[in-house]
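>>> Kindly generate the corresponding structure for this input.
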Amino acid sequence: MYSEQKVDLKINIIGPMGAGKTSLLNQYVNKWFHNDYRNTLGAHILTKTIQLENKTLKMQIWDTGGQERFRSLVSSFYKGSDGCLLVFDVTDEESFLSLETWRKDFVDKIQTPITNFPIIILGNKIDLEDRKVSQESAVSWCEERKVLYFEVSAKDNINVDVAFETLAKQALIHYQECRVCYLTESIKLTPLKDSHAGGCC
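Numbering: from 1, shown residues only. All right, here's what the predicted structure looks like:
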């Protein structure tokens, strides 16, 4: 009898203060946008359930604060993550320049195999005219690190769904690969030495 598989995924959305992480998350989960968000302190969690192939994915999405003084607290929320969205503001060059620091801090803290770990970079606020970071610069940075890049707008809902759901697909693949690896390691049998040597039972 057919049984639909259900998978729980933990997703982190990280990046510098003011990049629009909370706006993106609320646009994706709740389909609304506000201009007057307060800075996130610690972490704010929303969930969304989607269908992917024959699976029900329940995504627990951790929206983490971007203030430098909370960096050590925020990084404690990375453990057990199945995927990460790293956000910067295309109108703020400093937020773009901080990407490598955020990426390195994340991969150092996740405590899981980082080979092909799902990280997607989001360049947010493309609806604004005072852009400081070119698309070419962002694409080049991502290509060097072999990560996907999406230009998004939380306000105008541009590429928000496709970015989150592309990460969900990658996170599911990574989750399944880790599970297979774990099961394979756990059932290895070590042959007994000298199993035919003397002695009676």
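>>> Outside of stretch 97-111 itself, which residues are in contact with it?
Stretch 97-111 is contacted from outside by 12, 14-16, 71, 75-76, 78-81, 84, 86, 88, 114, 117, 119, 121, 141, 145, using Cβ atoms under 8 Å, 6 or more residues apart in numbering. Quick note: C-beta positions are derived from backbone N, CA and C, even for glycine.
>>> Please point out which parts of it sit buried.
Burial within stretch 97-111, assessed by neighbour count using 16 or more other Cβ atoms under 10 Å, is assigned to 98-99, 102-103, 105-106, 109-110.
>>> now, among the residues you listed, which is nearest to Lys55?
Among the buried residues of stretch 97-111, Ile110 lies closest to Lys55 (Cβ to Cβ), at 22.6 Å.
>>> out of the contacts of stretch 97-111, which are buried?
Buried among those (16+ other Cβ under 10 Å): 12, 14-16, 75, 78, 81, 84, 86, 88, 117, 119, 121, 141.
>>> Okay, strands next: where are they in this protein?
5-14, 43-52, 55-64, 83-89, 119-124, 148-151 (DSSP state E).
>>> got the buried residues for the third one?
It refers to strand 55-64. 57, 59-64.
>>> List the residues that contact the residue nearest to the spatial centre of the chain.
With distances taken as Cα atoms, centre = their mean, the residue of the chain nearest its centroid is Cys84 (1.2 Å). By Cβ under 8 Å, 6+ apart, the residues touching Cys84 are 11-14, 78, 106, 117-120, 167.
>>> Where does the prediction get shaky in the chain?
In the predicted model of the chain, residues 1-4, 36-42, 66-75, 111-114, 179-201 satisfy pLDDT under 70.
>>> what helices or strands is the helix ranked longest in it leaning on?
The single longest helix within the chain, with elements called by DSSP state H, is helix 160-186. When contacts are defined as 3 or more Cβ pairs under 8 Å, 6 or more residues apart in numbering; DSSP states H and E, helix 160-186 sits against strand 5-14, helix 21-30, strand 43-52, strand 55-64, strand 83-89, strand 119-124, strand 148-151.
>>> Give me the angle between that helix and strand 83-89.
Inter-element angle recorded for helix 160-186 and strand 83-89: 150 degrees (by axes from the mean of the first three to the mean of the last three Cα atoms, to 10 degrees).
>>> Surely Ala163 touches Val152?
Yes - between Ala163 and Val152 there is a contact at 5.7 Å, judged by Cβ atoms under 8 Å.
>>> joint contacts of those two?
Between them, Ala163 and Val152 share the contacting residues Leu122, judged by Cβ under 8 Å, 6+ apart.
>>> more neighbours, these two?
Val152 (29 against 23; other Cβ atoms under 10 Å).
>>> mind listing what that one touches?
24, 122-124, 126, 158-160, 163.
>>> Repeat that for Thr47.
29, 58-61.
>>> Which two among those residues are spaced furthest apart?
Val29 and Lys58 (12.2 Å).
>>> shared neighbours, the two?
47-48.
>>> re the thing from before, rebuild the contacts of Cys84 as CSV, extending it with distance to Ser134.
Formatted as CSV, the contacts of Cys84 follow (distance: Cβ to Cβ, whole Å):
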residue, distance to Ser134
Ile11, 28
Asn12, 27
Ile13, 23
Ile14, 23
Tyr78, 29
Phe106, 24
Phe117, 27
Pro118, 25
Ile119, 21
Ile120, 19
Leu167, 23
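>>> Lovely, talk soon.
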